[in-house]
Structure formats: structure tokens, C-alpha cells
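[1] Got a predicted structure here, sequence first:
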Amino acid sequence: MITRLQIDTNNADDIIYRTITIQEQKITLVYSEVLTSGANVSEFVLKNLTKIIDEKITITTDLYTFFYNSLPSHNIKKIEDYTDLQTKLWNGYVIFILPDDSCFGMEIRASLDRGIGKAEAEVSIRGPKDAFTENFNTNLGLLRKRLKTSNLWTSTLMIGKQTQTKVGILYIQNIAEKKLVTEIEKKLNKINIDGIIDSSYLKQYLNQESAIFPTIMTTERPDLAGMALLEGKIIVMIDNSPYALILPCFFIDFFHTPDDYYQKPINITFIRLVRLIAFFIAILIPAYYIAITTHNYDSITTDLLVNFLAQRKTVPFPALVEALLMTISFEILRESDMRMASTMGTAVSILGGLVLGDAAVSAGIISPIMIIVVAISAISGLVFTSIELTAAIRWWRIIFMILATLLGIYGIFLGIILLTTKLCSINAFNKPYLAPFAPFIFSEQKDSFIRLSNPKTIKKRNPLLTKKNQIRGR
Amino acid sequence: MIKKIITLVFILLLTTSCNAYTELSDLGITSMLGLDYQNEKFIVYTTIIADRDNQENKDKYKTYHATGKSLEEAFENIYIQNSKKIYLSHMNLLVITENIIDQQLTTMIKHFLTNSEYRNNFQIVTIKNNLEDLFNQEITAEEINKLILINQKESGTTRSIDFESFLKDILIDRNTILPTIKLEDTLSLEGFTLIKDHQLYGSLSNEEAILYNFLSNKIEKTSFQGITVYENETIINSKKNNIEIMINSTIDDQSEIYQKELKKALLNLLTTYQQKQYDLLKLEHKIYQNNYSYYKKNKDILSKLEFHIEIHPTIKNNYLEEVITDE
């Protein structure tokens, strides 16, 4: 087995082979120097083995039982076969190869993860600040800390031929639908790829359709994940990824944040309505501006029309081209700001602002009103934490702009019909995406775009997510 | 499925006139339109907003004029002079001469009704002078509209009429009035122009216009023979051929003189136009609505009408004056 391993790993320098003779029996320790903690290996394995040798302790049972009882480790597992050996080796186990070629592994993983930090993509104003990390066990711990119930079940899979990434499906068994869990397990079991590097890899396999709008939410906040589990949703957690997947997600879920439940309901109602308005502004405002300056001049007052006329007189491009130029410039600026090191980020922002703002207007390339329109639209789109929803808004913004150029306000209305039809046709794991509006679920309206003040009134869970335990608090 | 979507999109594109696309810079936004009829030709004047001076926050205008045997020909001749597409939906004011009212009112109305680009919310006025005098000076539609609105509120010598209400009166009652302007050294108001049966009938002077506004309950503030009227309410009731007119006014002084003189002037106006067979207050229509049986039985109701006017002035309390007088 050792020879086979050496050949397979091309005699990798980081794999250590250490043979120890205990009572004339040769035991070979195999471990990865980079994945195991050297200090702990010395302290908990080698020290104990040398103690056994020095004190000439008699081994009366089989070697596995003896070491299982005597070595101080929280996790000792028997190794079934060569594949299992490789898996354990690359997961930070110290492999004990006994004289009869049987093996067992002792977990002495090195801490290659960063500590629990703050959520960076989803900022918390009032709520807990901890976030998931790249360590599966830590993430599971963060959830178990919040849901101290035996009903939180997990089932784990190893996905990826080369990466053998640990993927966990978490759910509260007396709330979540077993059918949904089974469906997710089936989909994950079907995956046949080289490796899973991040949770986003799994999305394309779990998504049922290629809709632009997301049906799976990613989160790095354990509080949001906990809330989702209590609703009857499923969490898919992936080792080496700080983002967990929440599924299924409805359209309304992307307008909610965990902080909505930490503040006064009346304030949250206002904020949610603002988010809804921001959604429509982000999609429609450039298209509306194009429509009123190319087709439907009579829908605005004369003063405003003359104002637009005066601003656009020096611009050589049609309104659609101007809008697309501005939109693309904004996206370029956003991308470069994300990729740029923070030390240069400020310079890029200033350059972008000056170039896109002042200089472009002075040069007569863009009109000032177009900058305002595209800026308001872009900022409104950034209200949402979900990158997929922001991307979907971007695409639909362009579709609406083209429709407005062709058909004016009539085109915008056609686009709205198209968008509504598309949203209604999306299924999030066989559940309608526009729930609780279509189909209309009265009990869910109390926590949709409004939030009622008394938590006692939001007693029932979403009937689409669970049928077996609809009343909260049971 | 995809074929169906493509077919649908193709049909939509063909049926929904996406060739209506025009850039804003190619649009000539019309602010004011003037119509005249001389020597059997229509004369059209138009003022287009060409630009805006952002520093002074003022609009810059350009005026065009053309003639034609028909209104459509005249408009086409304007398009020839202009590099921009004339856009009429934002028109604020229509100025017409007495010639148009007298000779081609029906043609003018037909033109506006058949052209879908016009909205009916622009104001309409008559002008005593030539249109050329008005359009050659830098007088904007906003200035004329404001002149009428302010006088409507402060002096009661005129009233703004939009095209919608003008149409309603002319098509249903066949008579209407239009505010009249005159340009001498400055722009001024000249009472009303009267229209009957789609033709020019006459005019009301500024004083007669005030009396007319009294009768039509359109006075907000005015002055009558030196007496300031702060508020006014006129109620007209009809019982067969008896027309009872009650006027409740708040004035500043001299209630007896006000009562006597106003009653005399109103009666004089009503009887003058009764003799001329001009239904100034559309009373026939009122009788038709309120007392159809009487209307049906009697012909020439206008000449049989008897007017009874009661005026109830209230002196406005002037506490300051009382205090000063007491002291």
C-alpha cells in the first residue's frame, strides 16, 4: 500500500512516512506535512507511541483496538480501502498502516482556516456579526450553536473526483419536506466532475432551469441560514467555501434581509417598499428616459422636455447608445474597483467619477441627465445583496432599453408583461417563484413587502415549504 | 415555441409603428400657433422653442410663417422652412384673428379635431391686430397666458378659455366667447370676442366683460365704478321665462350705489343682447334642462325672458379702519 501511495503521489515531498516498531511490529505512519498539525502529531501521536515503547506496555488486544483506546484523539476511524485511505490522508488524518496491511486514521488536522470574522458581503447593522468560514465543521458549529435541537439533521456527501469535497445537506427534520431533501440528494449524487472549489459550482447542478433570476440564495451569515432552516428550507454547506446555499428561494426572499427582524416592523415595512421601488427604478428608469425622449414626448411637461432638449443638443449619439455607453462604463468601473487593491481603489474611483462625470459631459459625449439616470438606476440595483439578482436586473435593464427604443412606453409595458410572465413561469424546486403573490397566500402577506408589528400574528410557516409543521412554536 | 415568439415579436414590430422614433434634437417644440385668413389664403405663424439658455434659464424661440390655400398646405410650407419635425403636443397658445372666426372657423376646428397630435389643453385667444405684429416681437405664449390668468383673478376683465371648453361650447351651444388681446405699444386685454353660429358676432369691451363675468359667476376680484369687489357669488334660477339672478358680493364701501349701478348695468347688458338675439348666458339651454315642457311649447324663448336681479352686497370688515376711526 505504501509503494502504491508513493507511486500515485509521485513521491510528494509533503507526505511523511514514519515507521515505528512497537513490540517487533512495524507500524507505518503516513501523513501530509501541510495538512496535519506537526506539533499535534508530535504531541499526541509520536509522544504516546514512544511512551508505549519506553514503558514496554503489553498489547493484549488487536493493534486497532489498542490504539483506539490509548491514543488521545477525538476522531479515530478505520480505513476501509485504498480510496478511503487517500481521502483521509488528504483530509488531515494521520494514517496508521498496521503490519497486516489494515489501516486506521487519526484526525490531527492543521488549522489552515482563518478565524470567524465579520460578514463582508452581507453587512449586519443590528444583528450578529459572525460569518461562515472555509471550514465545514466550524460552519456546522455556528449553526448548531443557534439551533440546539436534535432535529437538525445533516447528510454529507463527497463530491468531486479530484477534490473529494465534503458537501453537507442540513435541514430540520420535523419541518422540512423529506421529498425536497431527497430530490437535492439525488441531484448532488448525480454530479460527476473533477472538483468543487466553491459553493457556486453546485448552483448550476441544483438549478432546475436556466432562468436569469436566482432560485438559490448564497449567504455567509449563520443567522440567515438558521432562519431559513426554521422556515423549512434546506442549507447546502460546502467545505472550503464560506458561502452556504439556501434553497428553495422565492422572488420575495431577495427583498428580505436578516436585519429586517431585528428592527421595528413599521420601519422595515418602509424599507422593504423602498427596495421594491428601487427594483423598478433600476430596471425601468433608463428605458423610461429613452421612451420619453424618442417616442412619448407628450408624457412630460414642456419645461422638462425643453431642458432635456438643451442638454442633448450636443450629444452625437442616439439615446440608446448613450445609455448603453454609460451602463457599460459603470460596469467597467465597478469591476475594476472590485479587482483593484484597496490602496489603488480610491484613485480609480476618482478617475472614474471625473472621466464619467465631468469630462464626458464637457466633451459633449454624454448629456448630464443621462449620467443622473444611469447612476440612479445603477445605485438602485446595488440595494440587493444577491449578485445574481443584480445581474438579472442588469440584463432586464438592457432588454427594457431596447424595447423602449423600438416602441416607446408601449414597449416598456410589453416588457413588464414579459417580465411578469417570466417570473411566474420560474419554478424554485417545483414551487412557484412568485409565491406568495402568485399563487396568493394570505398568511404570507404579513411578511412580504410589509411586516406586521406583532410577531404572534406571523404564526404559520409558508405552506409551500412545509406541510407537516406549519405552526411555529410547536 | 421559439418560432411562435419570433412571429409574435415580428407582428408587434410591424403593427406598432416603431418608425415613430425621433431624437429630441430633431424635434421642433411648438409653443404658440397663430392662424389668419386673408385674400382667400390661410396664414400660419408658429413659434418654436429652439434652445434653452441655461445660464439665464430662458428659452430661445424661432418664428416661422407660411401661407397656403388650405391649412394643411400652409403647415407643409412651414415644414419646408424648418429642419426639425414640428411637434404640436406641447402647444400652449393658439392665437386667431377675427377673419378666421368670421370665415373659416369650421375649417379650423376640423383641422384640430382630425389631427391627433394636438392635445386640447392649449389656451385660445383672439387678436385685434395682425399676427405679424405679435409674432415679430418677442412675446411668448407664457406671457400672454399669464396676462390672462392674472387679470382673471385680479380684475375680472377676462377669462382663460382652453380649446376643450371652446369646442364644447361651439359644438353644443353654437355660441361662445374668446378672450381678446391687442398689441399697441404693449400687449393689453380687450374684453371678449363673441361667436355665434360659427361666425363672428361682436365683442364685449372690458367693462362689459366684467359685467359678463359677474353674470357667469366668474368674478374672483374686480372693481366696479371704483368700488372694490373682493368676492362674488352669482346664482341664476329659471322658472319658465322668469330668470332670477342673485348676486352676493363682498365690497369695500358704498353698498347702495353699488346695488343700484350694478343692477342697472347688468339689466342693460342683458336686454341689449336679448334684443340682438344673442343668448349671452346660454339661458335657453338652462331652460331646456330644467323645464323641458315649457321649452318645447314655446318658440323664441330668448325674447320672452324677464330678468329679475337682486344684489346683496356685504361690506368687508375692516377692523383697522374702525380702530383708526374710533381713535
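    Cool, the structure landed.

[2] C-alpha from now on. contacts and neighbour counts both.
    OK.

[3] does residue 218 sit in a helix, a strand or a coil?
    No chain in the question, so chain A it is. Recorded secondary structure, A:T218: strand (DSSP: H, G, I helix; E, B strand; the rest coil).

[4] what are the ranges of the strands in chain B?
    B:27-38, B:41-53, B:58-68, B:85-87, B:93-97, B:123-127, B:175-183, B:187-196, B:199-204, B:222-224, B:227-239, B:242-251, B:306-315 (DSSP state E).

[5] Nearest to B:Y295 among those strands would be which one?
    strand B:227-239 (11.0 Å; CA to CA).

[6] partner strands of the closest one, parallel or antiparallel?
    As defined by DSSP bridges, the strand partners of strand B:227-239 come to strand B:222-224 (antiparallel), strand B:242-251 (antiparallel).

[7] Compile these into TSV and extend it with columns for mean pLDDT and mean neighbour count.
    TSV is the format used below for those (pLDDT from 0 to 100; neighbours: other CA atoms under 10 Å in any protein chain shown):
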stretch	mean pLDDT	mean neighbour count
strand B:222-224	88	19
strand B:242-251	90	18
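
[8] Check the stretch 151-300 of chain A for the residue nearest chain B and tell me.
    Chain B sits closest to A:T294 of the stretch 151-300 of chain A, with a gap of 5.1 Å, by CA to the nearest CA.

[9] B:T22 is in contact with that residue, correct?
    Yes - at 5.1 Å, A:T294 and B:T22 qualify as touching, with contact defined as CA atoms under 8 Å.

[10] Looking at the two, which is more packed in?
    Remark: of A:T294 and B:T22, A:T294 carries more neighbours, 26 against 17, as counted by other CA atoms under 10 Å in any protein chain shown.

[11] quick check: longest helix of the chain.
    No chain was given, so I picked chain A. Longest helix in chain A, counting residues (DSSP state H): helix A:265-294.

[12] To clarify, I was referring to chain B.
    helix B:255-275.

[13] okay, now A:I328: neighbour count?
    Around A:I328 there are 11 other residues, counting by other CA under 10 Å.

[14] in which helix or strand would I find it?
    helix A:319-339 (DSSP states H and E).

[15] Buried residues, that helix. List them.
    A:A319, A:L320, A:E322, A:A323, A:L324, A:L325, A:M326, A:T327, A:F330, A:L333, A:D337 (16 or more other CA atoms under 10 Å in any protein chain shown).

[16] likewise stretch A:252-271?
    So, applying 16+ other CA under 10 Å, buried residues of stretch A:252-271: A:252-260, A:265, A:268-269, A:271.

[17] So, low pLDDT: which residues of the chain?
    This is for chain A. Residues of chain A meeting the criterion pLDDT under 70: A:208-210, A:342-346, A:356, A:453-458, A:474.

[18] Oops, wrong one, chain B.
    B:12-20, B:54-57, B:318-327.

[19] For chain A, which residues are neighbours of chain B?
    A:293-295, A:298, A:301-302, A:306-310, A:312-313, A:318-319, A:405-408 (CA under 8 Å from any CA of the partner chain).

[20] switch to 6 Å and redo it
    By the rule CA under 6 Å from any CA of the partner chain, the part of chain A lying against chain B is A:T293, A:T294, A:H295, A:L309, A:A310, A:K313, A:L406, A:L407.

[21] ok, back up a step: would a markdown table of the buried residues of helix A:319-339 with distance to B:K296 be doable?
    Conversion of the buried residues of helix A:319-339 to a markdown table gives the following (distance: CA to CA, whole Å):
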| residue | distance to B:K296 |
| --- | --- |
| A:A319 | 62 |
| A:L320 | 64 |
| A:E322 | 67 |
| A:A323 | 66 |
| A:L324 | 69 |
| A:L325 | 71 |
| A:M326 | 71 |
| A:T327 | 70 |
| A:F330 | 74 |
| A:L333 | 79 |
| A:D337 | 83 |
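
[22] Among these, pick out the one closest to chain B, please.
    Relative to chain B, the closest of the buried residues of helix A:319-339 is A:A319; by CA to the nearest CA it sits at 7.7 Å.

[23] Name the nearest residue to the closest one, sequence neighbours excluded.
    Among residues not flanking A:A319 along the chain, A:I290 sits closest, at 5.9 Å (CA to CA, 6 or more residues apart in numbering or on different chains).
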